[in-house]
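In: Build me a model from this:
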Amino acid sequence: MQVIGILIPMALPGPYDYLVPKGIDLKAGTIVRVPLGRREVDGVVWGPAEGKTPPEKLKSIISVYDVKPLSVSLRKFVDWMASYVMAPPGLVLRLVMRAPEAFEPAQPVMGWRANSQRPLRETSARKKLYDVLADGAVFTTADLAREAGVSQSVVRALAKDGYLDACTIAQAQAFAQPVAEFEPVTLSADQKKVTDLLRGSVSAQKFQAHLLDGVTGSGKTEVFFEAVAQAISEGKQALILLPEISLTGQLLDRFEKRFGCQPAVWHSALGVSDRRRTWRGISDGEVSVLVGARSALFLPWDNLGVIIVDEEHDGGFKQDEGVIYNARDMAVVRARYADCPVILSSATPSLESVVNAQEQRYIHHRLASRFGQAQLPDIDVVDMRHTPPPKGYWMVDAMTAGIEKALADKKQALIFLNRRGYAPLTLCRQCGHRYACHQCDAWMVEHRFRNELMCHHCGIVEPIPTQCVSCGGVGTLTACGPGIERVTEEVVERFPDARIAVLSSDFRGGMNALRDTMAQIADGKADIIVGTQIVAKGHHFPNLSFVGVVDADLGLGNGDLRAAERTYQLLLQVAGRAGRDATRGRALLQSYMPDHPVLEALISGDRDAFLAAECAAREAAHMPPYGRLAALIVSAPSQEMVIHITRDLAKKIPIHNEIQVLGPAPAPIMRVRNRYRYRFLIKASRQSPVQGFIHQWLAQIKLPNNARLSIDIDPYSFM
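Out: Modelled structure (predicted):
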């Protein structure tokens, strides 16, 4: 019998050998069912047999799924990525196979419709449900409950008593197909020039990396939509990656206006049936365009014409748990294996991408002015050392005046603070007790609107106490420092007649509610927007004229390698929300460090000077993108254990002329979820074999079962 290698989506070192039953011809990439120990698991035909298992111990493949085999380019990408990020290839494959329901044939979907009988007692919940069913529509239990705004138990009770009829719901219709020339847009001369180059790159069907670098409001989305249009016209698929789900709504609406229908979407909030349908649609070629979060990169694409990474600088593309990777960088590799262009788009490109463009690894396209008559906003800084806010408030008088002027001009104002919750710390005025997380070395953040204290590291939640847990004092607890809820409270007090919208990653109601709020803001149904960094990422608010940043210094003092770069990107993106129509906008930043190079660069508008200075500092220190970093994070249930392990590791560091190991040192937040963490930082030249060095080092040790070690190649976070 034939023997073949099967890669299983688990933390295993490589493919396992299995027998192929007679009469079955398996292609590489075929998804199969195989025995593993006492279980049955899914796997993928990866290649020839490894030859490590004696023939008498080989087990046979159980069954073959009726699914199109994974492409050669996808399998090569999985192997390359596993080698680069130093993760077992099976764990990377698991990212591809996260919709196992897609491997099975579609099952009939059962639903409910109203019949002629009605219960004698008709509650308000039942009435809502029957109103939804009034036109003879059929819904699943979950969909019916959601549409009616009732619990699923109401549906089940009516069905059990015979007041609803069960029926089969027709399978979902085929994916709508976008039309390349549905509603072409008028482009500026600069946009047209870039568009022609990008369309040509897509048409050539060869790998190229493009950096689309345009100021806020310059029309980058319209430009990369034209690359998508070219892919559609070539019969190719297009993938648009976004750093987070909050950006999806406006982009979908703009896409529909341009192409006549909405694209497919992929993110963690999708239900099982939608995940199955979309995974299959990608595999079968029924989906031509998809907008998704970083995990969309691992869908079974077989006909990619272009990959677009929007807001490419954003840290949301970095996955910090499980398989640790940067989706922006992996998108470039995915495009190389698919032999298609990749477009990295941003108003504030990452330093890595800027240097890649300078060194001509990326083709650099600049859009230096806003589209149409719109102008870049004026940016000013208030020196909080000399002009503090009134006692008990967080906004200076100049900021409230800016809001007042915007409202008087029938425009909108945005108040920004990149800190969730009501306050970052709660303490007792009587005894000084500070409320800290029981599982992490971090303060509990007060969320007064929800009456909760929450740890933003492990997610533990407690109700806000009515008295101090330490001294028993009643009415002695006080909130220290501002969060977005506290600023909202101040805005409500100062502008009681204004319509206020709050946008934060704590937003409740899911994607649809967030999308509705965004649409209301865009339609002018809000006067003042109060938000965290969620508002800085690509949203278009045409009537917004004033932006106020409550704490422009937040993030500058944490010693992070990228602190200045990230702060500059964030503040410029936030300021760039203002003045996106013919009216010139204004941004006002409150700061205790107005002479900081980041703020000076923002005020002067000299981005290139800031980037040049940042590049010079990184190059002098041999730091990325002029050098390489990798991090090893060891965690254990006790501090004594983690110290013992890291000391042992330190004794076995290999000697290499171009590689330096710093540490071990406690992580800045040493305890998270009751695990103690120590770090090594590996610093190397760009050409150094970092992965080989780490392999050689770790081969010398064996960790205790309750200790963990994670490897972060090209780390972005140092927490």
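
In: For stretch 276-285, list the C-alpha coordinates in PDB.
Out: Provided in PDB are the C-alpha atoms of stretch 276-285 (Å, rounded to 0.1, in the frame of the first residue of the first chain):
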ATOM      1  CA  ARG A 276     -18.600  27.500   6.600                       C
ATOM      2  CA  ARG A 277     -20.100  29.300   3.600                       C
ATOM      3  CA  THR A 278     -17.300  31.800   3.300                       C
ATOM      4  CA  TRP A 279     -14.500  29.300   3.700                       C
ATOM      5  CA  ARG A 280     -16.100  27.100   1.000                       C
ATOM      6  CA  GLY A 281     -16.800  30.100  -1.200                       C
ATOM      7  CA  ILE A 282     -13.100  31.100  -1.100                       C
ATOM      8  CA  SER A 283     -12.000  27.500  -1.800                       C
ATOM      9  CA  ASP A 284     -14.400  27.000  -4.700                       C
ATOM     10  CA  GLY A 285     -13.700  30.500  -6.200                       C
END
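
In: Which parts of it count as buried, going by neighbours?
Out: For stretch 276-285, the neighbour count (16 or more other CB atoms under 10 Å) marks 276, 277, 278, 279, 280, 281, 282, 283 as buried. Where you see a C-beta, it was placed from the backbone N, CA and C, and this is true even at glycine.

In: Nearest to residue 444, out of those: which one, please.
Out: Of all those, residue 444 sits closest to residue 278, with 38.3 Å by CB to CB.

In: Using a markdown table, lay out the buried residues of stretch 276-285 together with distance to residue 715 and pLDDT.
Out: A markdown table is the format used below for the buried residues of stretch 276-285 (distance: CB to CB, whole Å; pLDDT from 0 to 100):
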| residue | distance to residue 715 | pLDDT |
| --- | --- | --- |
| 276 | 35 | 91 |
| 277 | 36 | 90 |
| 278 | 31 | 94 |
| 279 | 31 | 95 |
| 280 | 36 | 94 |
| 281 | 35 | 94 |
| 282 | 31 | 96 |
| 283 | 33 | 95 |
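
In: Next step: those residues restricted to strands.
Out: Among the buried residues of stretch 276-285, no member falls in strands (DSSP state E).

In: so can I have a markdown table of those residues showing distance to residue 141?
Out: Shown next, in a markdown table, are those (distance: CB to CB, whole Å):
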| residue | distance to residue 141 |
| --- | --- |
| 276 | 18 |
| 277 | 19 |
| 278 | 22 |
| 279 | 23 |
| 280 | 23 |
| 281 | 25 |
| 282 | 28 |
| 283 | 29 |
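
In: And the residues you listed, which is closest to residue 480?
Out: Checking the buried residues of stretch 276-285 against residue 480 with CB to CB, the nearest one is residue 278 at 45.5 Å.

In: Could you tell me which residues make contact with that closest one?
Out: 99, 264, 265, 266, 270, 287, 290, 299 (CB atoms under 8 Å, 6 or more residues apart in numbering).

In: For residue 260, see how far away it is.
Out: For residue 278, the distance to residue 260 equals 19 Å [CB to CB, to the nearest Å].

In: Can you mark which positions in the strand or helix carrying residue 127 are buried?
Out: Taking DSSP states H and E as the definition, residue 127 sits inside helix 124-132. Using 16+ other CB under 10 Å as the test for burial, helix 124-132 gives 125, 126, 129, 130, 132.

In: Which elements pack onto it?
Out: helix 141-148, helix 152-160 (3 or more CB pairs under 8 Å, 6 or more residues apart in numbering; DSSP states H and E).

In: On the three-state scheme, residue 718 is what?
Out: For residue 718, the assignment made with DSSP: H, G, I helix; E, B strand; the rest coil gives coil.

In: coming back round to it: lowest-confidence member of the contacts of residue 278, which is it?
Out: Comparing pLDDT over those, residue 270 scores lowest. The value there is 83.

In: sorry, back to before: comparing the helices and strands packed on helix 124-132, which yields the minimum mean pLDDT?
Out: Across those, helix 141-148 gives the lowest mean pLDDT, at a mean of 84.

In: want to throw the helices and strands packed on helix 124-132 into TSV with distance to residue 428 and mean neighbour count?
Out: Formatted as TSV, those follow (distance: least, CB to CB, whole Å; neighbours: other CB atoms under 10 Å):
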stretch	distance to residue 428	mean neighbour count
helix 141-148	43	18
helix 152-160	43	16
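
In: Would you mind listing where the chain has pLDDT under the threshold?
Out: 170-173, 246-247, 372-374, 506-513, 538, 557-559, 580-582, 719 (pLDDT under 70).

In: which helix is the longest one in this protein?
Out: Identified as the longest helix of the chain according to DSSP state H is helix 189-204.

In: Off-centre distance for that helix?
Out: Offset of helix 189-204 from its chain centre (CA atoms, centre = their mean, to the nearest Å): 28 Å.

In: Centre of this protein to the edge, which residue is at the far end?
Out: The C-alpha centroid of the chain is most remote from residue 120, which lies 49.9 Å away (CA atoms, centre = their mean).

In: Neighbours of the closest residue to residue 525 other than its chain neighbours, how many?
Out: Spatial nearest neighbour of residue 525, chain neighbours left out: residue 499 (6.7 Å); criterion: CB to CB, 6 or more residues apart in numbering. By other CB atoms under 10 Å, 14 other residues sit near residue 499.

In: how close does residue 499 get to residue 414?
Out: To residue 414, residue 499 is 13 Å away according to CB to CB.

In: cool, residue 283 as well?
Out: 42 Å.

In: can you check residue 328 too?
Out: Taking CB to CB, one finds residue 328 at 27 Å from residue 414.

In: Quick one: end-to-end distance for stretch 21-38.
Out: End-to-end distance for stretch 21-38, by CA to CA, to the nearest Å: 20 Å.

In: can you give me the strands for the stretch 551-700 of the chain?
Out: 586-591, 628-636, 659-672, 675-684 (DSSP state E, counting those that start in this stretch).

In: who wins for proximity to residue 20 among these?
Out: That would be strand 628-636 among these, by CB to CB, at 39.7 Å.

In: quick revisit: name the stretch among the strands of the stretch 551-700 of the chain that sits most buried.
Out: For the strands of the stretch 551-700 of the chain, average neighbour numbers computed from mean count of other CB atoms under 10 Å are highest in strand 586-591, which has a mean of 24.

In: can you give me the strands in the stretch 201-350 of the chain?
Out: Under DSSP E, counting those that start in this stretch, the stretch 201-350 of the chain gives strands at 209-214, 237-241, 264-266, 289-292, 304-310, 318-319, 325-326, 342-346.

In: Who are the packing partners of the third one?
Out: Same thing as strand 264-266. Counting by 3+ CB pairs under 8 Å, 6+ apart, strand 264-266 packs on helix 272-284, strand 289-292.

In: how many neighbours does residue 474 have?
Out: By the criterion of other CB under 10 Å, residue 474 has 10 neighbours.

In: how about it, what does it touch?
Out: 466, 467, 468.

In: Of those residues, grab the buried ones for PyMOL.
Out: Those of the contacts of residue 474 that count as buried under 16+ other CB under 10 Å are selected in PyMOL with:
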select buried, resi 468
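
In: Looking at the contacts of residue 474, which one is closest to residue 618?
Out: Taking CB to CB as the measure, residue 618 sits nearest to residue 468 out of the contacts of residue 474, at 47.1 Å.

In: Leaving out sequence neighbours, find the closest residue to that closest one.
Out: Nearest residue to residue 468, sequence neighbours excluded (CB to CB, 6+ apart): residue 428, at 4.2 Å.

In: Could you verify my assumption that the one you found touches residue 473?
Out: Yes: here residue 428 reaches residue 473: they are 5.9 Å apart, a contact under CB atoms under 8 Å.
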